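Colleague: here is a sequence together with a model predicted from it:
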Amino acid sequence: MSEYIIKNGHVFDPVQGIKGDKKDICVKDGKIIDKVGSGAKIIDASGKTVMAGALEIHAHVAGPKVNAGRWYRPEDKHFDSHKTAGITRIEGGKSIPTVFKTGYEYARMGFTFAMEAAMPPLYARHVHEEIHDTPIIDEAALPVFGNNWFILEYLKNQEIENTAAYIAWVMRQTKGYGVKVVNPGGTEAWAWGLNCLTIHDPVPYFEITPAEIIKGLMAANEYLGLPHSMHIHQNDLGNPGNYQTTIDTLKLAEGVKATNNFGRDQVMHSTHIQFHSYKGTNWGDFESGAKEVMDYVNKQKNLTIDTGNVTLDETTTMTADGPFEHHLHGLNHLKWFNVDVELETAAGVVPFIYDPNNAVFASQWAVGLEIALYAKDPMRCFITTDHPNAGPFTRYPRVYAWLMSEKYRNERLNSFKKADKVISATNLSGMDREITLYELAQMTRAGPAKALGLSKDYGGLKVGMNADIAIYNINPDKFPSDGAAIEKAFAQVAYLFKDGKICVEEGKIVDMGKKHTFWVDAKVKENKQVMHDVREKFLRYYSVNENNYSVPESYAPHQHIISVDATQA
Amino acid sequence: MPKEVTDVICPFCGTLCDDLIITVSDDNKTILGVKNACAIGAEKFNHQRLPGRVKRPRMRQADGTYKEVSYDEAIDWTANMLVKSRKTLMYGWASTSCQAMSIGHDIAEKVGGIVDNCATVCHGSSLIAIEDVGVPSCTLGEVKNRADRVIFWGCNPAHAHPRHMSRYSIFPRGFFTVKGHKGRKIYCVDCRYTDTAKCADEFIQVQQGYDYELLNAFRTAARGEVLPDTVGGVPKEKIYEIVEDLKTARFGIIFFGMGLTHTMGRNHNIDIAINLTRDMNDYTKFAIMAMRGHWNVTGSGQVLGWQYGFPYAVDLSRRDQARHQTGETTSVDLLNRGEVEACFYIATDPGAHFPIDAMIKSSKKPTVTVDPHINCTTEISDIHIPVAMVGVEVGGCAYRMDNVPIETRKVVDPPEGMLTDEELLTKINQRVDELLAKGGA
Amino acid sequence: MNTVTLTVKKVPELYLECEKVNPDAFAGKTADQIAKLPGYQGKEISTLGDYFTVTGDAGATAADTKIVINGDCTKMKYIGAKMTAGEVVVNSTTDMYTGSWMTGGKLLIKGDVHSFCGLAMKGGEFIIEGDAGNYLGAAYRGDWRGMSGGVLRIKGNAGSDVATFMTGGELIVEGDVDIHIGTHMEGGKIIVKGNANRRVGGQLVKGEIYVFGNINVMMPGFKPVNEVELDVDGTTAKFTEYVGDLGERHPKRKGETVYGKLFLKQ
């Protein structure tokens, strides 16, 4: 394998506390090492920014609802399908890229890992087929548990050990990474056309509340000691006044300790929190609740969040929050795709246009930026667009530019058609903080890696870590004052190293590298009750046989398996 | 000793039953018996042992007869055809695995092919409708566990999806449906009294070609507006009565088939049925599902979806972009208009199913057909390449009518020396690479 | 205005994709440069010069450019597509996507057109002297934004799926239409001077459809409310006014439901 020395770059590595010093990084056999021989290839990084490869902690990039979004929106590819000369396949899709485009675009922006945010276990095979076909980047997927019949029944009886055993079983069957919770309880209610809008609304028939589901899943997650924490899309997404439900939910983590061998400190990761930070009672008096939410998040050290920034584009919403999508369709009347999944979850898809002329959408844009700008600990606040819900992930460079340049975001804010209304409904105007390159590295590399339990090998540039390295054409000493220039620099890396191999050069894909499917294999004590329940439910309620449920090895030719021993728990 | 292979997935229809038990000879070569399948599924497995299987490729001679050739010769001829043709129709895919489809797409992108699947003559109308208005749907297990109103509109599962009613839609006892069919009201809407209608509680006879008007009347009735005295032969009192009943459902589902996809208006019939389902969600919980015919046409739509963003009729002939337009990039239109120069058929039989004019045009073009058997298409092709039967002699991923993916199994060995679709396509792909490198294309 | 004349010298074996045959692509180019523009048949890339003799230079801008095409264009797709200004006159029948995504200028086809023509028209004037196939003035697949502006007039007959998802502009068919006219319409105006077969205004949200001839089967979701005398495209006559589609959602203005309207000439 090759040896490289990346010379003279400005290194930003929160793992080692390096804040832009010129340092050489040595790469050999896929790892970062202390020094290389004279035969090492020299990569001149002078005047450039060097960071670890970025980690996407929450995006919808692989699976049945993503694909439904693709094929039911031919217009998303209209005049957009293209192929660059070289080794790449045809790419297409503005808001929901095809799998080839997904891999290439993430790599071009300097990402080396993406987490598929929601995997319905019954459809896990589909998620892995898409992960298999997505080039270059490592991926993992989070199976959803918050509306699963086994979970609802076990947690009703507070059977944490059974819950943990079932979670471990599902993760093995589906090659899943952790515990995802979407609109807990509400999506099971949606199977009857209903919902749970507060954390105390009981689920029809199962008579358990979202609060009980959340507490129970946190306990089970820590019982197992998984690398990642419970990852939650909260109840009441998108509705004015929901910030109170958000804080109520976050409070459930108080007193809960993280138990794991992976360096993870949080017990709850609250995702795309922009959508959950609204004050007001209706769209007319809608206001930002970002300050209230972030005041709480800043105080509680055992929480992590990601932003869910609105990018003001035509995009596609898609989520396992089925009732929310039905509600959104009622507002904009655009085509609505819905699938309820037996015993497990649901999903909905609706196109959405975040028209900047609309005061509400422009305010949502402001809320997303406020979340990041209020964050006191960038190691606990990560940047996402909940792709594609608030905007396509290809807009990350623009989001970074808005966060790093007060001038750029003020240009946008002051040019809104309803600027006065937006400014009075939000806090953004007058916030002068500009995220630095070091903070960006925390929010997109070191922070997500730590939250995912991957900090030993990923998210940093310490000797011994994996050689996933992004080199950008940004000179920190001459940081661009022009937002468009910041965007351009983050959109196309100068170099991307993945596992020590150069996969991207000046934005062009030069090697597909070797992608891995990450998943977590948690071992628990033998649990006859859970296995009996599994057998029962497959015989009586599922529409497939138990022996046809699991995802075979062939779907993930290169697996990165993280083992967890929970037999002594 | 013969052995039993359990949890076998039936590779015939979109019901994709996965509870078959196949008895196999101990040398792994012969299927001896099938349990749990319907008559059609059983035949798919049982006919494996019949004599007369085509074991090697056949090439048509000048006098119209066929001569056996080697796989290598067939592969070389095929690759040359693909490289030479400016625009090649690559149609079928609905009876092979997703893994094979993926290789086929790679070839199509290199040689300028148009990848189309059986939806083009089947539920393509449904796919167009979903492209226009979306679809509120569910998995079949939700129907089993929750549905108390089931409507079969323009479909006849008694004939086309024989175990559908017992596994999912009428008879099973699920979590919230412990009374089975006694707790469900079954409607059947059709222009004729079918065997499925015999299982229904109420049969509504709609005048042929008036489904769109009748569905419009249902939507109008749901909004409490006035109706003409009859619509499509159905009296307005009956329409109001049914709509009121549906509003009191706990969970309703509409299954539909060729009665909507292939009668006047086609996609519009499904479009308005979807809108009706959407409207009913204002009152209660309602879903709608297409009764997909082939066991993996849905899979072809999924793989094309994630690789190119469209569910069928994907035109890759420009090689640097993917385009999709039913009516232009669909197989029958391409053949009728003389828009392709060569044809590659796999896992399908257009000779039996396409309009005859289109096949007459197809027969005049260089054609390769990949299929385990001699069929209507192989006999108008230049080369017929046999392959192992997917789901019987080789496994691979398939997608059920509700998009649930299930991995089919290998139950017996294929005939000696026979290639699988995946192996064949891989070799064709390699040969295409060699020819393109030589030609510097 | 400068005129570029294209004369067909070779009929394509398959179908030629003429994405570059419009005033915008020609603007600022000489005849030689125009002849070098690409034309596509599947994976084969040729030049316009392989299929047309090109005489005359284009104007500096699209607005200053007129294109006249002579010869058999029956197998030419995308002529005039996406044009923003200028003029195109084709003395022949053309194939699919003629004038689609047009935003301005004038397009005249002195022959028939195939299907998918005038898709999502935003502005300008598009006249067809012969007949059209299906999906005239419709939206692209899956898109809820159809024709939104401009005037599309066809002297002959049109097929099915005319003006699906229309939101604005005016589409006039002087002959007959088949089934599914104005499906999912949310604005704009359709005038059919001949007969319409069935499913006129199906799932109509808002907009106006005028039919001078007969409708074979009326949609059940339309009810007659009035009789009016109107002047429509130069004809003054009595019309029965219907509102609908009563099975569809409709916007409200000041608490009143705003229905779509269908006017049937008496």
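Modeller: Done, it's in.
Colleague: tell me which parts of chain C are close to chain A?
Modeller: C:140-144, C:249 (Cβ under 8 Å from any Cβ of the partner chain). Using the backbone N, CA and C atoms, a C-beta is placed for each residue, glycine as well.
Colleague: mind doing that once more with 6 Å?
Modeller: Counting by Cβ under 6 Å from any Cβ of the partner chain, chain C comes close to chain A at C:140-143.
Colleague: which of those fall within strands?
Modeller: Using DSSP state E, no member of these sits in strands.
Colleague: tell me, which of the residues you listed make contact with chain B?
Modeller: Applying Cβ under 6 Å from any Cβ to those, those adjacent to chain B are C:141-142.
Colleague: will you turn the residues of chain C next to chain A into a markdown table that also has pLDDT, distance to B:Pro366 and neighbour count?
Modeller: A markdown table is the format used below for the residues of chain C next to chain A (pLDDT from 0 to 100; distance: Cβ to Cβ, whole Å; neighbours: other Cβ atoms under 10 Å in any protein chain shown):
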| residue | pLDDT | distance to B:Pro366 | neighbour count |
| --- | --- | --- | --- |
| C:Tyr140 | 97 | 33 | 22 |
| C:Arg141 | 95 | 30 | 23 |
| C:Gly142 | 96 | 34 | 24 |
| C:Asp143 | 98 | 37 | 21 |
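Colleague: mind listing what C:Ala163 touches?
Modeller: Listed by Cβ atoms under 6 Å, 6 or more residues apart in numbering or on different chains, the contact set of C:Ala163 reads C:137, C:147, C:171, C:182, C:190.
Colleague: which residues of the stretch 201-350 of chain B lie near chain C?
Modeller: So the stretch 201-350 of chain B meets chain C at B:212-213, B:216-217, B:219-220, B:225-228, B:231, B:268, B:317, B:319, B:327-328, B:339 (Cβ under 6 Å from any Cβ).
Colleague: at 7 Å instead, please
Modeller: B:212-213, B:216-217, B:219-220, B:223, B:225-228, B:231, B:264-265, B:268, B:272, B:275, B:317-319, B:324-328, B:339, B:341 (Cβ under 7 Å from any Cβ of the partner chain).
Colleague: what about C:Lys75, how many residues nearby?
Modeller: 23 (other Cβ atoms under 10 Å in any protein chain shown).
Colleague: over to B:Asp76?
Modeller: Using other Cβ under 10 Å, B:Asp76 has 17 neighbouring residues.
Colleague: you'd agree it is in a helix?
Modeller: Yes - with DSSP: H, G, I helix; E, B strand; the rest coil as the criterion, B:Asp76 is part of a helix.
Colleague: per-residue pLDDT, the residue nearest to it when sequence neighbours are not counted?
Modeller: Closest residue to B:Asp76 apart from its sequence neighbours, by Cβ to Cβ, 6 or more residues apart in numbering or on different chains: B:Arg431 at 6.0 Å. Model confidence at B:Arg431, given as pLDDT, is 98.
Colleague: next one: B:Ala441
Modeller: 49.
Colleague: do I have it right that B:Phe171 meets B:His181?
Modeller: Yes - counting by Cβ atoms under 7 Å, B:Phe171 touches B:His181, with 5.0 Å between them.
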